[in-house]
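A.B. asks: using only what follows, build the 3D model:
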Amino acid sequence: MLRIGIQLDMVGAYGRDVLRGIMQYANRAGNWEFVMPPMYSIERKKAVSPKAVDGIVAMIHDQRSIRPFRRAGVPVLNVAHTLDYNVLTHLHLPSVLPDDVAIGRLGYDYFRDRGFRNFGFCGHPTAAWSRTREHGFEIAAREAGHECFKVHVADDVPVDWITTVPVPAAIMAANDRYAWHAVDACRNAGLRVPENVAVLGCDNDLMLVDMVRPSLSSIKPAAFSVGYEAGRILAELMQGGRISPEPHLIQPEGIVTRHSTDVLVIEDETVAAAARFIRENAARPIGVEDVLEEVAAGRRTLERRFREEMGRSLLDEIRRVRIERAMQLLRDTSMDMPTIAEKCGFSSQARFATVFRKESGGTPTAYRKRVRGGR
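C.D. replies: I've put the predicted structure just below:
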């Protein structure tokens, strides 16, 4: 049996989900057993001994912590984005991490699709994962011509900052804990969530998102897939294989919408009615004609106003909402493809596959495999 060290912070959802992914890979490998430090120690924080393991998956926060393992010739696989990408590459420290730039961009796209034009980001002042998510969010906003208001305070979101972001505001938080602080800041400032300020977290930590009022929408960073891939690469390293020194980045799974962002911010009432109808009926085989019937507007006029407000056509929006729903079903259920196609308003599985490939760049099966790992 191979002895695999596990040194993860399992207080939060990310660490727990990474461990689940590692365990799934271990079940397939069949010859792994785990070595973990004691969960509780009064004297000092315990660490896995290099003498006790053949390889280790760890959250590396200080480069000095890898030295004992390197001296012992024990492969280390890092799953924490505490150190900058360039530092990890310079150290030749094999790492599997969430793609934090993609997470930031996903947050912006999510708010943009709800009609927001005012954006803010709150997070940690120094942690690389927070600053990188902020960078992705800010760059996406600036590319679209929007300003991004930012604040970096350890474990807090100041009330005086939240009031500087013009309303209606879209606030992305670096993780669910900062999102909770943002909701508290809104409450203390007399701002309503989501009517005045929509708040989006990250990590989808079920211990937090349902405790907050209103419940938190959150990005799923594919931590399970991070863990599964970490297990696979560690197995290669223990067999003497070599991998690229650059971190291996895993794309986020998607966003779970709850009350804190469940709002559309569209000034044109006719366009808002059309967008709302599409969201509420995309599971049916509706077309542009159905939207026109609902809002009682001329086709050319509505198409022009919708494109001006939303940046895309009515048909594009129908397809986008259907694919968004399909991705959620692919991530969170075991439904077969014909059933998903039917529940997302497609006339056939073949049509579903064609539109999905066009919108996402890959097949539904490939997407499900990527976001669900070995589940």
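
A.B. asks: in terms of residue numbering, what are the domains of this structure?
C.D. replies: 2-97+223-251, 100-222+255-261, 269-372 (automatic domain parsing).

A.B. asks: where do the helices of the stretch 101-250 of the chain begin and end?
C.D. replies: Shown for the stretch 101-250 of the chain, the helices assigned by DSSP state H, counting those that start in this stretch span residues 128-143, 159-162, 176-189, 206-209, 223-238.

A.B. asks: any idea how far residue 4 lies from residue 48?
C.D. replies: As for residue 4, its distance to residue 48 is 10 Å (criterion: CB to CB, to the nearest Å). (Glycine included, C-beta is placed from N, CA and C.)

A.B. asks: more neighbours, these two?
C.D. replies: For the pair residue 4 and residue 48, the greater number of neighbours falls to residue 4 (25 against 22), based on other CB atoms under 10 Å.

A.B. asks: quick revisit: most packed of the domains of the chain?
C.D. replies: domain 100-222+255-261 (a mean of 21; mean count of other CB atoms under 10 Å).

A.B. asks: how far does it stretch from one end to the other?
C.D. replies: Separation of the first and last residues of domain 100-222+255-261 by CA to CA, to the nearest Å is 21 Å.

A.B. asks: repeat that for stretch 151-167.
C.D. replies: With CA to CA, one end of stretch 151-167 sits 17 Å from the other.

A.B. asks: quickly, which of the helices of the stretch 101-250 of the chain bottoms out on average pLDDT?
C.D. replies: Note on the helices of the stretch 101-250 of the chain: lowest mean pLDDT is at helix 206-209, with a mean of 91.

A.B. asks: coming back round to it: what do residue 4 and residue 48 both touch?
C.D. replies: Listed as contacting both residue 4 and residue 48 by CB atoms under 8 Å, 6 or more residues apart in numbering are 35, 56.

A.B. asks: the helices of the stretch 101-250 of the chain into CSV, with extra columns for distance to residue 95?
C.D. replies: Below are these laid out as CSV (distance: least, CB to CB, whole Å):
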stretch, distance to residue 95
helix 128-143, 11
helix 159-162, 32
helix 176-189, 23
helix 206-209, 26
helix 223-238, 9
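
A.B. asks: skipping adjacent residues, who's closest to the residue lying farthest from the centre of the chain in space?
C.D. replies: In terms of distance from the mean C-alpha position of the chain, residue 298 ranks first, at 38.6 Å (CA atoms, centre = their mean). Excluding its sequence neighbours, the residue lying closest to residue 298 (CB to CB, 6 or more residues apart in numbering) is residue 292, at 7.9 Å.

A.B. asks: could I get the pLDDT score of the one you found?
C.D. replies: At residue 292, pLDDT is 91.

A.B. asks: in a helix, it, correct?
C.D. replies: Yes - per DSSP: H, G, I helix; E, B strand; the rest coil, residue 292 lies within a helix segment.

A.B. asks: and it, what does it touch?
C.D. replies: Contacts of residue 292 (CB under 8 Å, 6+ apart): 298, 299, 302.

A.B. asks: of all the helices of the stretch 101-250 of the chain, which lies closest to residue 55?
C.D. replies: helix 223-238 (4.7 Å; CB to CB).
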